[in-house]
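> quick one: sequence plus predicted model below, questions after.
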Amino acid sequence: MDESPGNGLVADLVSVSEAVGATSKRTEKVRLLAALLTRLAGDEIPIAVGALIGAARQGRIGVGWASLTNVRAGGDHAGGVATLVELDRVLTELSITTGSGSLGRRGSLLDDFAATLSTAELDFVRRLVIGEIRHGALAGVMTDAVAKAAGVPLPDVRRAAMLLGDLGVTAHIALHGGSAALSRIGLIVGRAIEPMLASSAPTVAEALVVTGRASVEWKLDGARIQVHRAGGDVRIFTRNLNEITTRLPRVVDAVSRFEASSFVLDGEAIGLADDGRPLAFQDTMRDFGADLQPAVELQAFFFDIIHLDGRDLLDAPLSERRRVLGDLVGGCVVPAVETDDPTEADRFAATSLATGHEGVVVKAIDSTYEAGRRGSSWVKVKPVHTLDLVVLAAEWGHGRRRGLLSNLHLGARDADDPTRFVMVGKTFKGLTDAVLAWQTARLQALAVRSDGYTVYVEPTMVVEIAIDGVQRSTRYPGGVALRFARVRGYRSDKSAADADTITHLQSLRPGN
DNA sequence: TCCTACAACTC
DNA sequence: TTCGCAT
DNA sequence: ATGCGAAGAGTTGTAGGA
């Protein structure tokens, strides 16, 4: 691909991105990127950071299943066709090689394009150029490089980037002001920071082993929200820092009455039925996703507070944050109990489930608010259901799963007709490389027909599938679909006649 | 104008 | 969102 | 321990073709 002679920045970006793409060693990437950062002028730093995050991983990226799947099956994760078209333009302006051909025709050359850069990278660069960039996915290598270039501790850079929501600006500050300048950065009410995330454990007892004494809290099955109020100005953000203030009038109204002048709250938006039980997730999302008419129904329940009246609470222990939270939000608090006793915690979790909620989150009682991180301080526990289902077909994988049959079509047995199976979902999760290789051979041997990307097989293989639950579906003929299905393992000891029935799955639907 | 495919978002 | 793999 | 890549279910909103 030819590169037009650009200015110094572009030339640097191109050469460094090529060098970075040529090595698979993370430390070497970091060294190269840091070296570039140290020789850039001030206002070049933010743009370079974003552009390089895209380029940094060039050459070791998958093919990008998303483009294909998006076009054919209506999936997502791709960033979309329009995004790719725009990015092609952006990258051309930056004289960064983007692979072969143009992207003028929808769906035509997406695979070639994605083979060169991942869609997530492209989206990151697009957002950089149109001014939406935030610290986010794929910033790991770059964060390391910024710390190295500035000669400051990595945690300082992470913290600042998290609070500013912008790694480019953070790099600028780090390179010019060092640790001292970074440490002066605080949370700004009105600007979203990355929410703290939770790991997961199979049981409450195991979660408690990780956390020690904990606040055990109901896990509500809604949408994560971060609510800022500065004086009378309320802003609400999603988990991915999208602003959705106007969609949640009831929440705006509620927090407007809290008696404080400024605060930042972390919580969940969810709809409740008249009897107080939570709406099905998809019904909460119907309101949450609707931009045109506001979701009057959805209300907020808060489980954390990270700022109050000029004081950042990020470094305060959870025990104190919960106290402050309770005083501020009153009844809008997520039910919680503080304990280190597995039996008591289990009882509390059972209450959550009995009320219709998802489970619990077990949070170390002394932990600070580690924004943007998925540490061990928060551990979620949800019940797992297991089913035996029949493999009806498998789709060829993309990227690192190219050449392997990956995504399984799962069917439940029709109790009345042993020759019929009702598809209830797909899964690609839980498969090790060894199982992937084995099933590729096995399923091809069982193939009855193939259309180039899906291989349909004799319905004889039984897989044990773990799910979080089932939901009503209009897509699948049985009216039921699996939620978060993953493979536990093949059950070669079982035949299709032993598989769970569609009737059984239907009985699992909420409301039955 | 209706309908479908796609995009962007939640989990 | 879950999970497996690489670092 | 952390980040990445594989790809699932649902929802609303919109561009564009019939």
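Structure's in. What do you need?
> other residues contacting the helix or strand where A:Val209 lies?
Assigned by DSSP states H and E, A:Val209 belongs to helix A:204-211. Contacts of helix A:204-211 from elsewhere in the structure, counted by CB atoms under 8 Å, 6 or more residues apart in numbering, are A:199, A:201, A:214, A:216, A:340, A:342, A:345-346, A:349, A:360, A:362-365, A:367, A:376-377, A:379-381. For glycine as for every other residue, the C-beta is placed from the backbone atoms N, C-alpha and C.
> please apply the same query to stretch A:227-239.
With CB under 8 Å, 6+ apart as the contact definition, stretch A:227-239 has outside contacts at A:189-192, A:195, A:223-226, A:243-245, A:247-248, A:251-252, A:255-256, A:258, A:260-267, A:300, A:302.
> is that stretch anywhere near DNA strand C?
Yes - contact check for stretch A:227-239 against DNA strand C, using CB under 7 Å from any atom of the strand: residues in range are A:Arg239.
> which residues does the closest residue to A:Pro477 other than its chain neighbours form beta bridges with?
Leaving aside its sequence neighbours, A:Pro477 sits nearest to A:Val422 (CB to CB, 6 or more residues apart in numbering; 5.7 Å). Note on A:Val422: beta-bridge partners A:Ala412, judged by DSSP bridges.
> how many residues are close by A:Val422?
The number of residues packed near A:Val422 is 21, by other CB atoms under 10 Å.
> next one: it from A:Asp468, what distance?
20 Å (CB to CB, to the nearest Å).
> got it, and A:His504?
Relative to A:Asp468, A:His504 is positioned 17 Å away (CB to CB).
> of those two, which one has the most company?
When A:His504 and A:Asp468 are compared for neighbours, A:Asp468 comes out ahead with 18 against 15, by other CB under 10 Å.
> and the closest residue to that one other than its chain neighbours, what does it touch?
For A:Asp468, ignoring the flanking residues on the chain, the nearest one in space by CB to CB, 6+ apart is A:Phe484 at 4.4 Å. If a contact means CB under 8 Å, 6+ apart, then A:Phe484 has A:Lys429, A:Ile467, A:Asp468 as its contacts.
> can I get those in JSON lines with secondary structure, pLDDT and distance to DNA strand C?
Converted to JSON lines, the contacts of A:Phe484 look like this (DSSP: H, G, I helix; E, B strand; the rest coil; pLDDT from 0 to 100; distance: CB to the nearest atom of the strand, whole Å):
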{"residue": "A:Lys429", "secondary structure": "coil", "pLDDT": "96", "distance to DNA strand C": "4"}
{"residue": "A:Ile467", "secondary structure": "strand", "pLDDT": "98", "distance to DNA strand C": "9"}
{"residue": "A:Asp468", "secondary structure": "coil", "pLDDT": "97", "distance to DNA strand C": "6"}
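> quick check, nearest of these to DNA strand D?
DNA strand D lies nearest to A:Lys429 out of those, by CB to the nearest atom of the strand, at 5.7 Å.
> residue contacts, the closest residue to the closest one other than its chain neighbours?
Setting aside the residues directly before and after it, A:Lys429 is nearest to A:Arg486 in space (CB to CB, 6+ apart), at 3.7 Å. With contacts taken as CB under 8 Å, 6+ apart, A:Arg486 has the following neighbours: A:Thr427, A:Lys429, A:Gly430, A:Ile465, A:Ala466, A:Ile467.
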